[in-house]
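Q: my questions are about this predicted structure, shown below with the sequence.
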Amino acid sequence: MARSNLAVAARRTSIAAPDSERLLTWYDRYRRELPWRAPPGATPDPYRVWLSEIMLQQTRTETVVRYYARFLVRFPNVRRLARAKLSDVLKAWAGLGYYARGRNLHACARAIVERHGGRFPDNEEALRALPGIGAYTAAAVAAIAFGRKAAPVDGNIERVIARRYAVETPLPAAKPELKRLTEILAPDHRAGDFAQAMMDLGATICTPKRPSCSLCPWNDRCEAYRRGAQETFPLRTPKVEGALRRGAAFVALRADGTILLRARPPRGLLGAMTEVPTTEWSADFNRRGGLTSAPKLPTKPLKWRRLPGRVRHVFTHFPLELDVYAARVPKGTRAPKGARFAKLSTLAGEALPSLMRKVVAHAMRLETKPNKAV
């Protein structure tokens, strides 16, 4: 058994119990003011708590702040969100990334209305039965919105706990151990405040690099700090990057200031989001044959031009490179089946993921420059 489960066990047990009060005192003084966070003494809105937690998954807080208020204006409550078209939800979500979250958000809102009369269930088990709500989100909503004793563990909290107890099991294998240790620390009262205090501690003090240990309310109880090894933890198994994939994207610009767009398949990567037509993305993509997948428009043969450079993007599991081809088509050209022409002036309101915005920006920057027709 790992040393972290034996030699350090006694120390862990001895320093766990009273520490929640110290952290809550720190939180009362230094808590972050966030638009989805209820003021002290106010009752949290479960819809706002849930929405923020979904948005914050794998997305920086400062990015979410920019999207959150705009999203609430369009969808101020769960019933309005449930009644909305998925395409409208994805338009509001565009730019936040990890687009399955947007689809699941809409499905979850509909399930809450259909199964629970528009009221969020107040316990982890019932929350986990909803689409798109996993263990972390269920615990976070149960604790923050309803005061249930629960132990949500996000990346910030993993880092705090791994350092505090010098957990020597590397992530991701350490996740169950970190969850158990968080549960030991969680108090029977002020569950939501404690969960948010842990998040704030990781976000503002126990940061990935150069943590401000002298300001930490737990520095005299932190095993990593005692060893002088704060930045060593959490340990991680080296990440294996997926193989590079390649493909081609086709930007067709019509003379009336519109661009050819289509929706991606509803499931899979970037599901149901909007894109310019592309080939499949694969490790063995044949660049010489890329034009065979160009969209077929009812006009004279197009002179597709391959633009200089490539668009590069990194997904969670693989990097991607796209060649970009551009062509101009006459005003009045009809879009092929499954596609449509949209005004360039309204692209900001389209459900274009960041990859596609890169493609369009690349084309608009270079398309007018002379280049050999392919």
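A: Perfect, thanks for sending it. Residues are numbered from 1 along each chain as shown.

Q: stretch 254-262 spans what distance, first to last residue?
A: The first residue of stretch 254-262 is 15 Å away from its last residue (CA to CA, to the nearest Å).

Q: from Val64, how far out is the residue nearest to the spatial centre of the chain?
A: When CA atoms, centre = their mean is applied to the chain, the residue found nearest the centroid is Gln58 (3.8 Å). The gap separating Gln58 from Val64 is 11 Å, by CB to CB, to the nearest Å. Yep, even glycine has a C-beta here, placed from its N, CA and C like the rest.

Q: with Arg357 instead?
A: 18 Å.

Q: looking at those two, which one has more neighbours?
A: Per other CB atoms under 10 Å, whichever of Arg357 and Val64 has more neighbours is Val64, with 21 against 15.

Q: how about the closest residue to that one other than its chain neighbours, secondary structure?
A: Leaving out its chain neighbours, the residue that sits closest to Val64 by CB to CB, 6 or more residues apart in numbering is Met55, at 4.5 Å. Judged by DSSP: H, G, I helix; E, B strand; the rest coil, the three-state class of Met55 is helix.

Q: was I right about Met55 contacting Tyr67?
A: Yes - Met55 is within contact range of Tyr67, at 6.5 Å (criterion: CB atoms under 8 Å).

Q: common neighbours of those two, please.
A: Listed as contacting both Met55 and Tyr67 by CB atoms under 8 Å, 6 or more residues apart in numbering are Leu96.

Q: on that earlier part again, show me the contacts for the residue nearest to Val64.
A: Met55 neighbours (CB under 8 Å, 6+ apart): 64, 67-68, 71, 96, 101.

Q: and Arg148, what helix or strand is that in?
A: Using DSSP states H and E, Arg148 is not contained in any helix or strand.

Q: ok, Glu62 next?
A: Going by DSSP H and E, Glu62 is in helix 61-74.

Q: next helix or strand past that helix?
A: Assigned by DSSP H and E, the successor of helix 61-74 is helix 78-83.

Q: show residues contacting that following helix.
A: With CB under 8 Å, 6+ apart as the test, helix 78-83 has contacts from 47, 74-75, 89, 105-106, 109-110, 112-114, 118, 120.

Q: can you check stretch 114-127 too?
A: By CB under 8 Å, 6+ apart, the list of residues contacting stretch 114-127 reads 46-47, 50, 78-79, 82, 112, 129-130, 133, 135, 137-139, 141-142, 145-146, 148, 150.

Q: quick one: end-to-end length of that stretch, please.
A: End to end - CA to CA - stretch 114-127 spans 14 Å.

Q: could I get the average pLDDT for it?
A: For stretch 114-127, mean pLDDT is 97.

Q: next one: stretch 306-323
A: Stretch 306-323 comes out with an average pLDDT of 93.

Q: buried stuff in that stretch?
A: For stretch 306-323, a neighbour-count test (16 or more other CB atoms under 10 Å) marks 306-307, 310-311, 313, 320-323 as buried.

Q: restricted to strands, list those.
A: 306, 311, 313, 320-323 (DSSP state E).

Q: wait, what's in contact with the closest residue to Arg70 other than its chain neighbours?
A: Spatial nearest neighbour of Arg70, excluding adjacent residues (CB to CB, 6+ apart): Ala92 at 6.9 Å. Neighbour list for Ala92: 67, 70-71, 74-75 [criterion: CB under 8 Å, 6+ apart].
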